[in-house]
Each structure stands twice: as C-alpha cells, then as structure tokens.
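# I would like to see how this sequence folds:
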Amino acid sequence: MYRATLDPTIVLTSDGRSVPMDPTNPEWRRCLKWLAAGNTLAPAESLEESKARRRGAIEQQAAAQVKTILEVKRAAFMAFDFVRAIVALDKKAEGETLTAGEDNLLTKIRTKQSEIDAVRQSVVAAFQAINAATTPAEVAAVTL
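Residues are numbered from 1 along each chain as shown. Okay, here's the model as predicted:
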C-alpha cells in the first residue's frame with residue numbers, strides 16, 4: 001500500500017518510507033505496477049497527523065536514549081558504588097574533603113544526569129520545531 005503526500009513528487013510506503021517519483025527508483029516502479037493493477041493511493045496525511053507521527057517517533061528515540069543512559073546510571077549505582085556515593089555525599093555535606101575516588105564517583109553520577117537533561121532539551125527543541133513546521137517535509141526533517 002502507498003500513501004499520497006502533500007509533496008506531489010513523493011509517495012510513502014506503508015512503513016513510512018519516502019518514495020521519490022523517479023523512474024530509476026525500483027520502489028517507484030513497484031508503486032506504478034501496484035497502481036496499474038487498479039489500486040489507489042491512500043490520501044495524504046494532514047499536517048497535524050504528520051506532526052503527531054513525528055512527535056511519536058521522536059518520543060520513541062528519546063525514550064531509547066534515556067533508557068540507555070539509565071542503564072549506565074544503574075550500573076554506576078550498583079552495590080559498593082552506591083554505598084560509596086552515600087558516604088561521599090555525607091562527607092561533602094559535613095564539609096569534609098572528598099578523596100579523588102569519591103569525587104570521581106559523584107562526578108560520574110552528575111554527568112549521567114546531565115546526559116538525561118540534554119536528551120530532555122533535545123526533545124523540547126524537536127517538538128518546538130515540529131510545532132513550527134508548515135509542511136510535511138519540514139516535519140520529516142526534524143530529528144532528535
């Protein structure tokens with residue numbers, strides 16, 4: 001199945017891949033055969049549908065990135081490191097000097113939080129770009 005787009009030179013496959021109307025493109029030739037067999041293109045999605053689909057894709061990308069970061073963060077907190085982090089935080093709260101290892105452990109934890117914050121900021125920027133888009137091509141160009 002193929003879907004029309006608001007760009008008259010491109011159709012979409014059922015899995016969302018763009019197919020330029022280029023006679024040298026094998027997928028376009030398959031689309032022409034499919035149309036010749038009496039099939040019709042599904043109507044183009046609206047700009048709002050395009051934006052919603054792109055938001056969903058970006059949310060999935062962000063979730064995968066955050067999941068990876070959290071898996072690393074969980075590993076950093078395992079067993080002894082977790083206890084060491086609590087001790088280091090207590091020492092820091094008491095105004096004591098941290099060892100290099102304790103300081104490195106706390107830095108590692110803060111770095112992972114910074115990575116999560118960066119993903120969050122990327123998602124916000126991507127959603128703003130999607131909301132500002134006026135054509136499906138602009139929506140499709142938004143990346144995380």
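# in whichever strand or helix holds residue 109, what's buried?
Remark: residue 109 resides in helix 100-132, with elements defined by DSSP states H and E. For helix 100-132, the neighbour count (16 or more other Cβ atoms under 10 Å) marks 102, 105-106, 109, 112, 115, 119, 122-123, 126-127, 129-130 as buried. (Each C-beta comes from the backbone N, C-alpha and C, glycine too.)
# which one among the residues you listed gets closest to residue 13?
residue 130 (21.7 Å; Cβ to Cβ).
# pretty sure that closest one is touching residue 51, no?
Yes. With contact defined as Cβ atoms under 8 Å, residue 130 counts as touching residue 51 (5.0 Å).
# okay, and the common contacts of these two?
Common neighbours of residue 130 and residue 51 (criterion: Cβ atoms under 8 Å, 6 or more residues apart in numbering): residue 139.
# just to check, residue 136 is in contact with residue 50?
Yes. Taking contacts as Cβ under 8 Å, residue 136 lies within contact range of residue 50: 4.3 Å.
# hmm, back to that, which of the buried residues of helix 100-132 lies closest to residue 34?
For the buried residues of helix 100-132, the closest approach to residue 34 (Cβ to Cβ) belongs to residue 130, at 30.4 Å.
# perfect, that will be all.
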